[in-house]
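Asks: pasted the sequence and its predicted model underneath.
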Amino acid sequence: MNSNNNLNNISILFFAFVAIIIVINLFTTNNYGRANQEVVALFEQEDYMFNYHQLHQYIQGETDNYLFIDLRDAESFDQGHITGSMNIPYPELLERTSLRTIRRSGNIPVLYADKESKAHTARMLLLSKGLDTNIKVMGGSYQKAVQYAIEQFEPAYANYKDEKARFDYRRYMHVDQPAPKEDSPSGIIPAVREETLSGQGGC
Amino acid sequence: MAPFIPEGLVNPQLNLFFALVLGLGFGYVLEQAGFSSSRKLAGVFYGYDFVVLRVFFTAAITAMVGLVFLSFMGWIDMSLVYINPLYVWSAILGGGIMGLGFILGGYCPGTSIVAATVGKIDAMLFLVGAVIGIFIFGHFYNAWEPLYMGYFEGNPFIYETLGLSRSWFAFIMVLVAVIAFAITQNIEDRVNNTPIETIQQRPSYVLPGALLLIAIFAFLLLPEQRKSNARENTPQQILAALQEKDRIVDVEEAAYKIMHEDPDFTLIDIRDAVEFEKFALPGAINITLDQLLGRRYRDFFRNPGKPNSKKVFYGFGESNADLAWTTATRAGFENVYVLQGGLNGMFETLFNGTEMPDDPLNLEEEFTVRFLAKARQMFLDGQVLPAPPPDPVPVRTIIELETPGGRGGC
């Protein structure tokens, strides 16, 4: 029976050890709510852009289930913002109160800033904290929104966003093969013809 | 943390050394478990000795539970663990041949070497047979190859095929193992007509077995994988770093480095392959956001390179490059940067050149404008071809660059 006691003691010790490690592990801070790979996959999967057409509809009062979050600083926010939006300055994005507000609002959060990339990275940080994936990013910046949707809605710019080719790059930089010869006055850069862009340079 | 060698914690040149140490340990354990005796090995087929099943099943579930546990703790990166890919028919056929050889010869390949080492003559003959088999396989490989390399199924996981989660599968496997141990013990006793006193004197495995089941049940409640690992930066660190200016490489610097083909300046195009094919900056490599954390580029990103080397992300604009930057920074990659304004920003600055400053004392700005004009000219002329430049770009400092004659921003 001695061997049985040893066996039991050793197994109890072993499992106690494992349990302690698990408990310690559970209580050490876990900074993220989603693994890095999961967040990347979320960004690859769905379209999370909020376009000016939707913004226009919101301003017209046709839809109201959005929570606009202005990531600019308080000063710019005071000078003007999308009606009904809430100011969370970019550096305060991850503070407990900010996260709680975004989490608890029943509406779809829409992020915008003075630069589109800020809104994108803000969404990435929020998703990595484990927030709901319905967070949207408004294309362009607040200034662009004012220009193309708030002051006067221009359907041509409805899908304005940062990630779009604005030049025929090959005409200006000869990389592998010579670029196709086209007549264009040197020194002036024509915008790439796209339906959403009118001829005036797009930037 | 682990696996050590793919993570670069252990020099890959020591691979064979560790293989030798682990091999000796494995052989020792096999010998101690009695696997150098073909009687014991074949016992599993006749029902008088199930030690093979117990040892290998225990090894399998120990490894499985250990991996689930380490993965939960964030101590092992399961995406780096090598998994034998599945070739359906060669697996079935190979399994059949292996089983047949096992029951005929009384050894499996590993145990035959163990037994030969301790001087069993039948095991030595078995090894001779194995060598003949290897010879036949090698000599007629062309005939086998369609079967051997065909019916490739990738790396399916049995729990995925069954639609179970990893923890549930582990739980069921442990349960099956415990039941199998009990049943085979029973069969063994009946076949051997073990006297009842011997059975009663055995230690009771009820407590360890129950603890094991409780522990594995606890795994069901735990997440499969920690959301973050020790190497990752915290969200607060990333947010602070995102607001710093020096993570942005400005257009002048990028143009200068491209023109001089700086080997420590790597441009990473994060657009998709189609766009990359159409146009990319000279010398850029294509890594999209979903490839960023993959195994293929791990060494590239993990290696910080020289102190002032730069890995610069760019897309059409800055947004997707910033996303890549955020992901890379979270993963703990060092020396990653973002090209100011992306392709659009770069072309805007380069080709819609800025005006010469009115103030003649503003030398810095004047140099910038002149440099941009020079760069513009070189890009337009195609002088920054990545592969052998027809007219090598002379290495000069930014100050020495001359004003290009004629048109341009001057």
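Replies: It's in.
Asks: so is the helix or strand bottoming out on mean pLDDT in chain A next to chain B?
Replies: Comparing every helix and strand of chain A by mean pLDDT, DSSP states H and E singles out helix A:169-172 as the least confident one, with a mean of 76. Yes: applying C-beta under 8 Å from any C-beta of the partner chain, one finds helix A:169-172 touching chain B at A:169-170, A:172. Every residue, glycine included, has its C-beta placed from N, CA and C.
Asks: show me chain A divided up by domain.
Replies: Domains of chain A are assigned by automatic domain parsing as A:1-30, A:36-155, A:164-203.
Asks: where does chain A have low pLDDT?
Replies: Low-confidence segments of chain A (pLDDT under 70): A:1-3, A:28-29, A:174-203.
Asks: ranges for the strands of it?
Replies: With strands called from DSSP state E, chain A shows them at A:49-50, A:66-70, A:86-87, A:108-112, A:136-138.
Asks: can you tell me the centre-most residue of chain A?
Replies: What sits nearest the mean C-alpha location of chain A, by C-alpha atoms, centre = their mean, is residue A:120, with 2.8 Å.
Asks: my guess is it meets residue B:325, correct?
Replies: No: counting by C-beta atoms under 8 Å, residue A:120 does not reach residue B:325; the two are 10.5 Å apart.
Asks: now do stretch A:118-136: distance to the chain's middle.
Replies: How far stretch A:118-136 lies from its chain's middle: 5 Å, per C-alpha atoms, centre = their mean, to the nearest Å.
Asks: CA atoms only for that stretch, dumped as CSV, please.
Replies: C-alpha atoms of stretch A:118-136 as CSV (Å, rounded to 0.1, in the frame of the first residue of the first chain):
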residue,chain,number,x,y,z
LYS,A,118,-5.6,57.5,-37.3
ALA,A,119,-9.1,56.2,-37.5
HIS,A,120,-7.9,52.9,-39.0
THR,A,121,-5.3,52.3,-36.3
ALA,A,122,-7.8,53.3,-33.7
ARG,A,123,-10.1,50.7,-35.0
MET,A,124,-7.3,48.1,-34.9
LEU,A,125,-6.5,49.0,-31.3
LEU,A,126,-10.1,48.8,-30.3
LEU,A,127,-10.6,45.4,-32.0
SER,A,128,-7.5,44.1,-30.4
LYS,A,129,-8.9,45.1,-27.0
GLY,A,130,-11.8,42.9,-27.9
LEU,A,131,-14.5,45.4,-28.9
ASP,A,132,-17.3,44.5,-31.2
THR,A,133,-16.4,44.3,-34.9
ASN,A,134,-19.1,46.7,-36.1
ILE,A,135,-16.8,49.7,-35.6
LYS,A,136,-16.6,51.7,-38.8
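Asks: what residues does that stretch touch?
Replies: Contact with stretch A:118-136 is made by A:32-34, A:36, A:39, A:42-43, A:46, A:48-50, A:66, A:71, A:90, A:93-94, A:99, A:102-103, A:108-113, A:137-138, A:162, B:227, B:235, B:238-239, B:242, B:319-320, B:322-323, B:326-327, B:330, as judged by C-beta atoms under 8 Å, 6 or more residues apart in numbering or on different chains.
Asks: residues contacting stretch B:276-292, please?
Replies: A:40-41, A:43-44, A:169-170, A:173, A:175, B:254, B:258, B:261, B:266-273, B:297, B:301, B:314, B:320, B:323-324, B:327-328, B:331, B:343, B:346, B:384-386.
Asks: go through those residues and flag which are in helices.
Replies: The members of those that map onto helices under DSSP state H are A:40-41, A:43-44, A:169-170, B:254, B:258, B:273, B:301, B:320, B:323-324, B:327-328, B:343, B:346.
Asks: just give me the neighbour total for residue B:204.
Replies: Neighbour count of residue B:204, defined by other C-beta atoms under 10 Å in any protein chain shown: 12.
Asks: now for it: which residues touch it?
Replies: residue A:4.
Asks: which helix in the chain has the most residues?
Replies: Because you didn't say which chain, this covers chain A. Ranked by residue count and defined by DSSP H, the top helix of chain A is helix A:2-27.
Asks: you answered for a different chain; I wanted chain B.
Replies: Longest helix in chain B, counting by DSSP H: helix B:166-192.
Asks: for that helix, the distance to its chain's centre please.
Replies: On C-alpha atoms, centre = their mean, the centre of helix B:166-192 falls 33 Å from the chain's centre.
Asks: grab the nearest non-local neighbour of whichever residue of the stretch 1-150 of chain B sits closest to chain A.
Replies: Ranked by C-beta to the nearest C-beta, the top residue of the stretch 1-150 of chain B for proximity to chain A is residue B:73, at 5.6 Å. Setting aside the residues directly before and after it, residue B:73 is nearest to residue A:25 in space (C-beta to C-beta, 6 or more residues apart in numbering or on different chains), at 5.6 Å.
Asks: which residues of the stretch 251-400 of chain B lie near chain A?
Replies: B:275, B:278-282, B:289-290, B:292-293, B:315-323, B:326-327, B:330-331, B:342-344, B:347-348, B:350-352, B:379-382, B:384-386.
Asks: tell me, how many residues neighbour residue 82?
Replies: Going with chain A. 21.
Asks: let me rephrase: I mean chain B.
Replies: Residues near residue B:82, counting by other C-beta under 10 Å: 9.
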